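Colleague: A structural model of the following input is requested.
(chains A, B, C and D)
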4 protein chains.
Amino acid sequence: DKRFSLIAGPCQMESRDHAYMMAGALVEMTDKLGIGLVYKSSFDKANRTSLSGKRGIGLEKALEVFADLKKDFGFPVLTDIHTEEQCAVVAETVDILQIPAFLSRQTDLLVAAARTGRAINVKKGQFLAPWDMKNVLAKFTESGNPNVMLCERGASFGYNTLVSDMRSLPIMASLGAPVVFDATHSVQQPGGQGGSTGGDRRFVETLARAAIAIGIAGLFVETHEDPDNAPSDGPNMVHLKDMPRLLEKLVAFDDIAKA
Amino acid sequence: DKRFSLIAGPCQMESRDHAYMMAGALVEMTDKLGIGLVYKSSFDKANRTSLSGKRGIGLEKALEVFADLKKDFGFPVLTDIHTEEQCAVVAETVDILQIPAFLSRQTDLLVAAARTGRAINVKKGQFLAPWDMKNVLAKFTESGNPNVMLCERGASFGYNTLVSDMRSLPIMASLGAPVVFDATHSVQQPGGQGGSTGGDRRFVETLARAAIAIGIAGLFVETHEDPDNAPSDGPNMVHLKDMPRLLEKLVAFDDIAKA
Amino acid sequence: DKRFSLIAGPCQMESRDHAYMMAGALVEMTDKLGIGLVYKSSFDKANRTSLSGKRGIGLEKALEVFADLKKDFGFPVLTDIHTEEQCAVVAETVDILQIPAFLSRQTDLLVAAARTGRAINVKKGQFLAPWDMKNVLAKFTESGNPNVMLCERGASFGYNTLVSDMRSLPIMASLGAPVVFDATHSVQQPGGQGGSTGGDRRFVETLARAAIAIGIAGLFVETHEDPDNAPSDGPNMVHLKDMPRLLEKLVAFDDIAKA
Amino acid sequence: DKRFSLIAGPCQMESRDHAYMMAGALVEMTDKLGIGLVYKSSFDKANRTSLSGKRGIGLEKALEVFADLKKDFGFPVLTDIHTEEQCAVVAETVDILQIPAFLSRQTDLLVAAARTGRAINVKKGQFLAPWDMKNVLAKFTESGNPNVMLCERGASFGYNTLVSDMRSLPIMASLGAPVVFDATHSVQQPGGQGGSTGGDRRFVETLARAAIAIGIAGLFVETHEDPDNAPSDGPNMVHLKDMPRLLEKLVAFDDIAKA
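Modeller: Got it, this is the predicted structure:
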């Protein structure tokens, strides 16, 4: 078992400059700790709570920036796709296509993503049991693409709350795929009476420690230099300045978990 | 308050002949009871549990049959759409566009559906609270289409189980939209360890009685002359021969509810 | 199937005068509608959220008042018991012993209640499935007392929320016992950050209509002439003045349900 | 922060000989690892699923064995109490009185336990939120006994399933009490259609690793030399022979968590 990889970046790609600043900081801290980095950002937030939520810089511009980031930093990049049409276009540049949790049962999207031949990170729907991911995984492998990661990001628990069932990590691993834990969206408080989704970043470290101690292939964490003013998922994102201390602790746990 | 409308039909459109047989039977029984009928079928099941699940007869053929059914029977028809591209095409023929529960937060799909000007039936995501539908509804109204029904179809309750929270009916009604109760999908046992979704049709009448007594604008029930051999949702569909007795009881409850 | 019985009264027995006033009003309205009345009050609230919550007038005094109420009004009375020792004493006067939901798995209490020979109303624990009540029921019948009602009062649904799964009514009925629906405690919002349990009486009618339409043997509703100033469960109790209209509606539904 | 304590032993006290065998083995392994041991067994299982479930050797005999174990091994002992009357008697011998989860809201029991002056381990009800334990804790402190541990043992999650919300550990710690994680009962599958409660011991290590990495004061694990033939909680208990390897791993995580 090797060290966990980190899938990290700001929730949205905000601008070329912002992406370079974030990427530089993340490369520096992960290099120091010997952690493999996958750079993550969304080019579009397709399921915002309200129409007025900011949606990102768009596909074309984002792909240009992703291509340049890859050339300059040498890391793989990950982004989420929402329609069949996006799959082939995004796959020209992006190394890992991510299937959003709400879309984890949409057959045509899964097949289109599979057919690009790119690696896939599919998030477990909030409405699915961990063993249900067997069927989701089969849609990829039966489409000829076994290069799939299964990602836990919380299960519906009453209204406006998610719970992270840590048993899902070994259950999904037993399906034969690398398992990723998304510590950012697992602390969301979805919906609520207002027009955006809340969350509580205090628990990102709590849940990340738990998942790493259990043993995972990848950890997903969104981060921002000023999360309280970020265009989306601000309440859940970790302050960039808090990342090095968090990662250092997690590396120590990971070493024990995989000893 | 007027009598509830019935949205009914077989889960999938199986063939022209089957559709005519079902439509004829439903028209006869609803005419007798003075219930308005909306004929429902899917042309594609886009989120089957496994790749080998049957997906339906396809868009083009289904639209032809829908057009002929409308002409011959005079009822409005409803079908579910899954991509932005389908919206305008389907809207040429179909009176009510239905947004599947898993897709109830996909902004682009909601806006595309809204812009057709057709009536919308949006199912509440299994991961949403009833008050969260305020934001879903706003995406339609802010796109210029206030002709929207909100549909309860069960909330995630642990793994592989849904629960129908009957409080959601008055809560969604207080948002200012007509409320539909889907008695078929509310009795689903989603996922599970096997390759298809189960259910228990014994509880369709239980939940339909409850919803009608509380007071709803529409009731959604899938039905089939041989549900145990139907291509999808068989465990949840009511036997066609059991529908008249069920509807007769529900009409009696509806009269009290709206007295 | 005969008309539902009503188990009703103020949550706590507050005083002899208050009990007589409530009992008189309930007898008048149920007589007019042909509903059998069981008068309910607690002599002690043994599981208040905080130590400072008011606990009631006490066992001895309550039994005196119950005895006089029975003599003067002719109805059976129901109260909840919390310890084995209370069972025999309470059973001298009280017709139906009620087992609180939290205590529905406490074997010694169940056996002691069974052995009094009195009828039992056992509330389903918020942590139990409806089919789990088979084992609870068996503890009574194996102790020689088959005179048991099973009562739905909500299931845990995330934090600080209950949900009423209406499927539990036919499931529990299939175990062979009369089923009661508690419309008061089903709308509780248990715990929360404060020092008492909240609730929302707006949904008492919603859930009572649903349960009656499905078909139940008994309906449990707490009521008070001034619920907002009642010593416990105020947020869930129905205003006494609203009861006649509610009951009239429910009788009409019950007639249809049992036709 | 000092190393976690281990609360461990067989679920039931089966006999003097069995208790001495278990105690000897646990003392040996915890001494080697520098872990403080609290020996746990129940003298009575008061809430078995069915009447025929074995209930234990009884109070009087158990107290004698506890007294001798304490004298011979020098460890503190813990047992669970179910009635007010038991509190003072048990407290003469037993160091830590444990309040079962179902009884965590029973005021009189909590006050009686508090008044013994003994340390208390109160399990969070499966129907409570972690912040609700503030009120439970206050019942002890307002009774003059602040020596209370708060114990997570799973929250209701649909039917016949519990989920361990790891956020509850820091939330309960913020109330000012030491937090214990019960890795045995958190993997229970309560109730179900049969006559006993199931479970899955494979996840004991999963959840124990998670809790230790987050940082807890105590870990509760039931163990048995032949769990599949144990009189209760067999499916959840760890094989005694597997304990040393498990504890060694947990000590390594604990050292990191508290560095």
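Colleague: Could you list the contact residues of the stretch 101-250 of chain A toward chain B?
Modeller: A:102-103, A:105-108, A:111, A:125-129, A:131-132, A:134-135, A:138-139, A:142-143, A:155-156, A:159-160, A:190-193, A:195 (C-beta under 8 Å from any C-beta of the partner chain). For glycine as for every other residue, the C-beta is placed from the backbone atoms N, C-alpha and C.
Colleague: do you know how far the residue positioned nearest the centre of chain A is from chain B?
Modeller: Centroid check for chain A by C-alpha atoms, centre = their mean gives residue A:220 as the closest residue, at 4.7 Å. Distance of residue A:220 to chain B, given as C-beta to the nearest C-beta, to the nearest Å: 19 Å.
Colleague: can the helix or strand hosting that residue be found next to chain D?
Modeller: When elements are assigned from DSSP states H and E, residue A:220 belongs to strand A:218-224. No: figure legend: strand A:218-224 not in contact with chain D (C-beta under 8 Å from any C-beta); closest approach 13.0 Å.
Colleague: Against which helices or strands is that strand packed?
Modeller: Strand A:218-224 sits against strand A:5-9, helix A:16-33, strand A:37-40, strand A:148-152, strand A:179-182, helix A:202-214, strand A:238-239, helix A:243-257, with contacts defined as 3 or more C-beta pairs under 8 Å, 6 or more residues apart in numbering or on different chains; DSSP states H and E.
Colleague: and residue A:239, how many neighbours does it have?
Modeller: Other residues within reach of residue A:239, judged by other C-beta atoms under 10 Å in any protein chain shown, total 14.
Colleague: Spatially nearest residue to it, not counting backbone neighbours?
Modeller: The shortest distance from residue A:239 to any non-neighbouring residue, by C-beta to C-beta, 6 or more residues apart in numbering or on different chains, is to residue A:227 (6.2 Å).
Colleague: And the pLDDT for the residue nearest to the centre of chain A?
Modeller: You'll see residue A:220 listed with a pLDDT of 98.
Colleague: Double-check it against residue A:184; I have them as touching.
Modeller: Yes: contact criterion C-beta atoms under 8 Å: residue A:220 and residue A:184 qualify, at 6.5 Å.
Colleague: anything in contact with each of the two?
Modeller: Contact criterion C-beta atoms under 8 Å, 6 or more residues apart in numbering or on different chains; residues shared by residue A:220 and residue A:184: none found.
Colleague: How about the secondary structure of residue A:79?
Modeller: What DSSP: H, G, I helix; E, B strand; the rest coil gives for residue A:79 is strand.
Colleague: Check which helices and strands the least confident helix or strand in chain A by mean pLDDT is in contact with.
Modeller: Within chain A, no helix or strand scores below strand A:198-199, which has a mean of 78 by mean pLDDT, DSSP states H and E. In terms of contacts (3+ C-beta pairs under 8 Å, 6+ apart), strand A:198-199 is packed against strand A:188-189.
Colleague: Go ahead and name everything in contact with the strand it packs on.
Modeller: With C-beta under 8 Å, 6+ apart, strand A:188-189 has contacts from A:154, A:160, A:161, A:162, A:197, A:198, A:199, A:200, A:233, A:235, A:236.
Colleague: For chain C, give me its nearest residue in the stretch 101-250 of chain A.
Modeller: Proximity to chain C, evaluated over the stretch 101-250 of chain A using C-beta to the nearest C-beta, is greatest for residue A:158 at 1.4 Å.
Colleague: hang on, the earlier thing: tell me who's in contact with the residue nearest to the centre of chain A.
Modeller: Residue A:220 neighbours (C-beta under 8 Å, 6+ apart): A:7, A:8, A:40, A:121, A:151, A:153, A:180, A:181, A:182, A:183, A:184, A:185.
Colleague: Let's see if you can find the most crowded of those.
Modeller: With neighbours taken as other C-beta under 10 Å, the top of those is residue A:183, carrying 30 neighbours.
Colleague: Pretty sure that one sits against residue A:204.
Modeller: Yes: the criterion here is C-beta under 8 Å, and residue A:183 meets it with residue A:204 at 4.8 Å.
Colleague: Overlap of the contact sets of those two?
Modeller: Overlap of the contact sets of residue A:183 and residue A:204 (by C-beta under 8 Å, 6+ apart) consists of residue A:221.
Colleague: ok so, going back, could you list the paired strands of the least confident helix or strand of chain A along with their orientation?
Modeller: strand A:188-189 (antiparallel) (DSSP bridges).
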